[in-house]
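**Q** Sequence and predicted structure below; questions after.
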Amino acid sequence: DVRNLGCEEKRELLTTINQAAAFVATMIFQDGSSQLNSEQVLTSSVKGVVVLVKNQTGQPCPPSYSSTDCTWNAANKNDKLIYLRLEWPSLWEQAQQAHERFAGQVLFQMLRCKVPIICFNAKDFLRTLLQVYGNEISWKQGNYLIYALILEWTGKPAEAMNLLVISVCDVPFCESASLILSLSLYQNLGVNLQKLYNVMMDLARDLQVQCLWQLFCTLELPLLKILAVMETHKIHVNKHELKKTSEILGLRLKELEQEAHQVAGERFLVTSSSQLREVVLFEKLKLHTLCEKVHRTEIQQLVSTSEVVLKQLQDLHPLPKIILEYLDALLGCLRCSLCSFSCVLGMLFTTSYGLQHSIFELGFGTRVSIPFLGKQEEIITFSPRTLFVSKKGYTFLAADFSHIELRILADLSSEPELLKLFQVPETTDIFSTLASQWKGIPSDQVQHADREQAKRIVYSVVYGAGKEHLADCLGITPLQASQFIESFMQKYKKVHEFTKRTIEQCRNKGYVVSIMGRKRPLANINAQDYKLRTQAERQAVNFVVQG
């Protein structure tokens, strides 16, 4: 614990930091757990940081870690295990402030050293340092390298970390029954951080063998800093506009609720899927009997009340359309975490909540018109974009690639008709021109439905969506969707050849490679099961374009 060090010992520690070969770090939480065995992410719950300082005299890349007798004493005797307290002292703990400042000095010194900092969930670690120390840390300097353990996992982080350590070291993490920062807990942390270091060294060698190390260091790791900073900064909301919009939408929701009760002939809870299903849509109106096929829930196999089904039913009765508008009008206050590693495509996405989907579905950057209180001629218009405002001294910048997936598909397939779209300045709508090419009709005769079909088919190829999904998007049968895709592929033969070539390469190698050099294994590419195999084929094409 650096709080117990004297002046001379502190100077010696800083010298040791400067000479270190690597650092292995984890945050400690108030309950005694660490990042290695906890899902806590709130800065307020962080108590401190435990760092294993790997000495220069130690073996930088240990050859083997299959031994099961790993203990703290087995670590290099020149390595040091230090505890840095991060929680801010209360007003009556002024004597502790000098220790807190020294803890910050040690962390800053670590970040300035041009040696690896190894940790699990590195983005949370970085974000916490930025929130605790603010402007004292300059994330733009790029003079520190954090080696994050990046996993694809479906369970809890602690379980994923333990499984990885067992798979590499053949030994699990040490556990402590104590919830206080006892000596035994520190010793267990020392052992676990040593294992974490061993795992990272083995994974580093694997990445080098697979020619993925440069991608990992030049793309994945620098992105961590950007995401940590993005999560640290807040998005400000125009409270006046938010209140005004909330009132408008609230009145519209009440009106829609009354309309729903009127056309249904009885009162029911509009937001209840069970009442909507059992009382109105299917028990009373029996709308599902008027459709060739409707989706059902996975577990109970009940007729679904999803958006796809409601869109399928909206021309059969006024109620589904009213419900769809009601759901579209529901606004929530959104907060999210950014992640770039759990998505196999390597794309950035948000969790808790899916901010990017909600904003775009609502019409971000556009103006939304609402017929107000039954007066069709009275239209209230608002822009969701005006709800978000930039911080004082800052400016919002909204930027997007221009048809990036279609451009990549055109380049990878060398399809002349697609390439022609981008060889002249974009004076017309790309998808309208594409629809004109595909269907062989003059540009001025292209209807919205034609444009939408062309757009959806392109993205069904790019995103790996099947004919069922395309059918849902266009409101047609799967057979019609299949015919659309076949017609499109016949027109753009090079695209068809590209997809066939990609699938064949995946069958031979068992994996596909993106233009950035990412690799994705697809175990089902040669599966006997038709559904699994065709899904893997779509995923292969999708990954090459988007990975």
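**A** Thanks, I have it.
**Q** mind listing the strands for the stretch 401-547 of the chain?
**A** 511-513, 519-521 (DSSP state E, counting those that start in this stretch).
**Q** Next, the buried residues of the last one.
**A** Which is strand 519-521. Buried residues in strand 519-521, defined by neighbour count with 16 or more other C-beta atoms under 10 Å: 519-520. (Glycine included, C-beta is placed from N, CA and C.)
**Q** so how far is it from its chain's centroid?
**A** Taking C-alpha atoms, centre = their mean, to the nearest Å, one finds the center of strand 519-521 at 18 Å from the center of the full chain.
**Q** cool, the first one as well?
**A** Centre-to-centre, strand 511-513 and its host chain are 21 Å apart (C-alpha atoms, centre = their mean).
**Q** What's the per-residue pLDDT of residue 54 here?
**A** pLDDT recorded at residue 54 is 91.
**Q** Find the residue closest to it in space, skipping its chain neighbours.
**A** In this structure, residue 54 finds its nearest non-sequential neighbour in residue 22, 4.2 Å apart by C-beta to C-beta, 6 or more residues apart in numbering.
**Q** show me what contacts the closest residue in space to residue 438 that isn't next to it in sequence?
**A** Computed as C-beta to C-beta, 6+ apart, the closest residue to residue 438 that is not its neighbour in sequence is residue 491, at 5.2 Å. Taking C-beta atoms under 8 Å, 6 or more residues apart in numbering, we find residue 491 in contact with 417, 437-438.
**Q** now do residue 473
**A** By C-beta under 8 Å, 6+ apart, the residues touching residue 473 are 456, 460, 465.
**Q** mind giving me JSON lines with these and columns for neighbour count?
**A** Output for the contacts of residue 473, formatted as JSON lines (neighbours: other C-beta atoms under 10 Å):
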{"residue": "456", "neighbour count": "22"}
{"residue": "460", "neighbour count": "23"}
{"residue": "465", "neighbour count": "20"}
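**Q** Which of those sits closest to residue 197?
**A** Among those, residue 465 lies closest to residue 197 (C-beta to C-beta), at 42.5 Å.
**Q** any idea how far the closest one is from residue 441?
**A** Shown here: residue 465 relative to residue 441, a distance of 25 Å by C-beta to C-beta, to the nearest Å.
**Q** what number of residues lie near residue 243?
**A** 10 (other C-beta atoms under 10 Å).
**Q** same thing with the one 3 residues further on?
**A** Residue 246 has 13 neighbours, counted by other C-beta under 10 Å.
**Q** and if you look at residue 283?
**A** By other C-beta under 10 Å, 10 other residues sit near residue 283.
**Q** where does it land in three-state SS?
**A** Look at residue 283: counting by DSSP: H, G, I helix; E, B strand; the rest coil, its state is coil.
**Q** Which residue, other than its chain neighbours, is closest to it?
**A** Leaving aside its sequence neighbours, residue 283 sits nearest to residue 277 (C-beta to C-beta, 6+ apart; 7.7 Å).
**Q** Sketch out the low-pLDDT regions of this structure for me.
**A** Applying pLDDT under 70 to the chain flags the ranges 38-44, 56-77, 87-99, 135-187, 279, 298-299, 328-382, 424-428.
**Q** Tell me how it divides into domains.
**A** 2-232, 236-331+363-389, 404-546 (automatic domain parsing).
**Q** how long is the last one end to end?
**A** The straight-line separation of the ends of domain 404-546 (C-alpha to C-alpha, to the nearest Å) is 9 Å.
**Q** What residues of whatever helix or strand residue 205 lives in count as buried?
**A** For residue 205, the host element (DSSP states H and E) is helix 183-209. By 16+ other C-beta under 10 Å, the buried positions in helix 183-209 come out as 185-204.
**Q** and if you look at stretch 22-32?
**A** 22-29, 32.
**Q** Same question for stretch 2-12.
**A** residue 2.
**Q** starting at the chain centroid, how far to that stretch?
**A** 42 Å.
**Q** Any idea how far apart the tips of that stretch sit?
**A** End-to-end span of stretch 2-12 (C-alpha to C-alpha): 12 Å.
**Q** Now do that stretch: everything it contacts.
**A** Contacts of stretch 2-12 with the rest of the structure, by C-beta under 8 Å, 6+ apart, involve 13, 82-85, 96, 99, 102-103, 106.
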